[in-house]
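>>> sequence and predicted structure, then a few things I'm wondering about:
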Amino acid sequence: MTTEPSKYLTVKALTKYIKRKFDADTHLRDVYVKGELSNVKVHSSGHIYFTLKDDAARITSVMFAMNAKSLKFVPESGMNVLVRGDINVFEVAGQYQLYAATIQPDGIGELFLAFEQLKKKLQQEGLFHSSRKKTIPTFPKKIGVVTSKTGAAIRDILTTLERRYPISEVIVFPSIVQGPQAAPSIVKSIEKANQTSDMDVLIVGRGGGSIEDLWAFNEEVVARAIADSRVPIISAIGHETDTTIADFVSDLRAPTPTAAAEMAVPSKENLMQNILSFQSASLHFITKRITDEKNRYKRAMESPVMATPEKLYRPFIERFVRAEQQLQRETNLHLKSKQRDYLQVQNRFFQLSPQRVIDLHHKSVQSMTNQLNQATLSTFEKNRQQFVSSIRTLEALNPLKIMDRGYSIIYKEGKLVKSVENVKKDDSIFVTLQDGQLEAIVQRVEVKESGD
């Protein structure tokens, strides 16, 4: 075993050497492999990574986005497929892998598988449910047609509409109905039709063809445009045996474009027949009604009531008169009762009038004042007479009155002198006379003897 370092290869160099071997092998540049898909992963970039396996082996595979865009179906794990591509080395991982250019379902067609996948997906979302279906108007005034302007379908539709219902306005929205640009063109036309005011119904379709020719009507974008349409849509795609996703999503499916035009409008002949039938029925009804009314009028005019109409309302007149008299009596009684109530209220109001209360109190005050004045005068006169009598009595008893007759009163040191024994010689005494007072000095005191 050699140990010289120059003889050892790096992993990168060995991998490049092996890769060149793969590149040089022409058999690996275009290989056809069948197997079962496993570990399918769709990257956000659009690349699809998966493992292709059978009972004995497996190979890592990849399909780049540029090739994956052409797939009509979505690869899923467990699906048996036919893969065409080339084998090469993925240097970073140091493993070989299959670079797929095309993938086809093994056993069933690619378009059939894509059809079934999209049908299942939209059905699960409820886009086929009958509750979403819009009603096709019976007498549309404005009809839109989304189809190719050069195909046979447009001629069939316009001819049928003109024949059956020429009073409607038809607007054609030309669209590509076959090929890679068909789906976006159909979607754009449907959106444009929805932006048109007063559009009553829209026919979307084309003539017959292979499944590849009709494939645009199996595209998801077309199905969602039909589901989102405000205007009711009748699908008319291919022949009666052709069924597309658009037929499931549309509000009404027609087997052919001509049938779609017939479903969109009523028949002129049928309308005329219906009008004539209605006209005949109306004339018959009106004639019968007039005859019946005439008979009723005749019977009514011949009836006893109409012969003597006053008998019809005589009881009502009598009832009216009695009611009027009773009303008059009741009115008078009610008026008298109210007048009595008014007088009572008026009397009560007068009794309780503030002015009357004031007058009553004023009279009471006047009377009390007179009584008081009389009592005062009487008391005054009585007291005056008593006073005069007292004055006279006092005057009669006044000792000073005696002095008018020459008598006098003697005081000593402020005390009345009643006896000569109360004074002595040289005492100072005061002698009160009728017209004044004298001060005197006692010169002599003589006591009167008993018996003198």
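Arrived safely, thanks for sending.

>>> the closest residue to residue 28 other than its chain neighbours pairs with what?
Spatial nearest neighbour of residue 28, chain neighbours left out: residue 87 (4.1 Å); criterion: CB to CB, 6 or more residues apart in numbering. Glycine gets a C-beta too; all of them are placed from N, C-alpha and C. Residue 87 forms beta bridges with residue 98, as assigned by DSSP bridges.

>>> quick check: mean pLDDT across the strand or helix carrying residue 369?
Applying DSSP states H and E as the criterion places residue 369 in helix 354-397. The pLDDT scores in helix 354-397 average 92.

>>> re earlier: residues near the residue nearest to residue 28, how many?
18 (other CB atoms under 10 Å).

>>> begin at 685 from now on, thanks
Done: numbering now begins at 685, and the last item shifts to residue 771.

>>> contacting residues for it?
706, 712, 715, 780, 781, 782, 783 (CB atoms under 8 Å, 6 or more residues apart in numbering).

>>> quick check, nearest of the residues you listed to residue 1095?
For these, the closest approach to residue 1095 (CB to CB) belongs to residue 781, at 173.7 Å.

>>> report how many residues lie close to residue 1119.
7.

>>> could you do residue 705 as well?
Count around residue 705 with other CB under 10 Å applied: 11.

>>> host element of it?
Per DSSP H and E, residue 705 falls inside helix 695-708.

>>> identify the residues contacting that helix?
So helix 695-708 is in contact with 693, 712, 771, 772, 773, 775, 778, 780, going by CB under 8 Å, 6+ apart.

>>> then stretch 959-975?
For stretch 959-975, there are no external contacting residues (CB under 8 Å, 6+ apart).

>>> where does the stretch 685-834 of the chain dip in pLDDT?
Along the stretch 685-834 of the chain, the parts satisfying pLDDT under 70 run over 685-687, 791-793.

>>> show me where it has strands.
Assigned by DSSP state E, counting those that start in this stretch, the stretch 685-834 of the chain shows strands spanning 715-726, 732-737, 742-747, 764-774, 779-789, 826-831.

>>> hey, which of these is tucked in deepest?
Counting by mean count of other CB atoms under 10 Å, strand 826-831 has the highest mean neighbour count of those, with a mean of 26.

>>> neighbouring strands for it, and are they parallel or not?
When DSSP bridges is applied, strand 826-831 pairs with strand 853-858 (parallel), strand 885-890 (parallel).

>>> can you say which of those strands is packed in most?
strand 885-890 (a mean of 29).

>>> coming back round to it: closest to residue 957 out of the contacts of helix 695-708?
For the contacts of helix 695-708, the nearest to residue 957 is residue 771 (73.4 Å; CB to CB).

>>> from residue 1098, how far off is that closest one?
Separation of residue 771 from residue 1098 (CB to CB, to the nearest Å): 176 Å.

>>> again with residue 1085
Separation of residue 1085 from residue 1098 (CB to CB): 22 Å.

>>> these two: which has the busier surroundings?
Shown here are residue 1085 and residue 1098; by other CB under 10 Å, residue 1085 has more neighbours (13 against 6).
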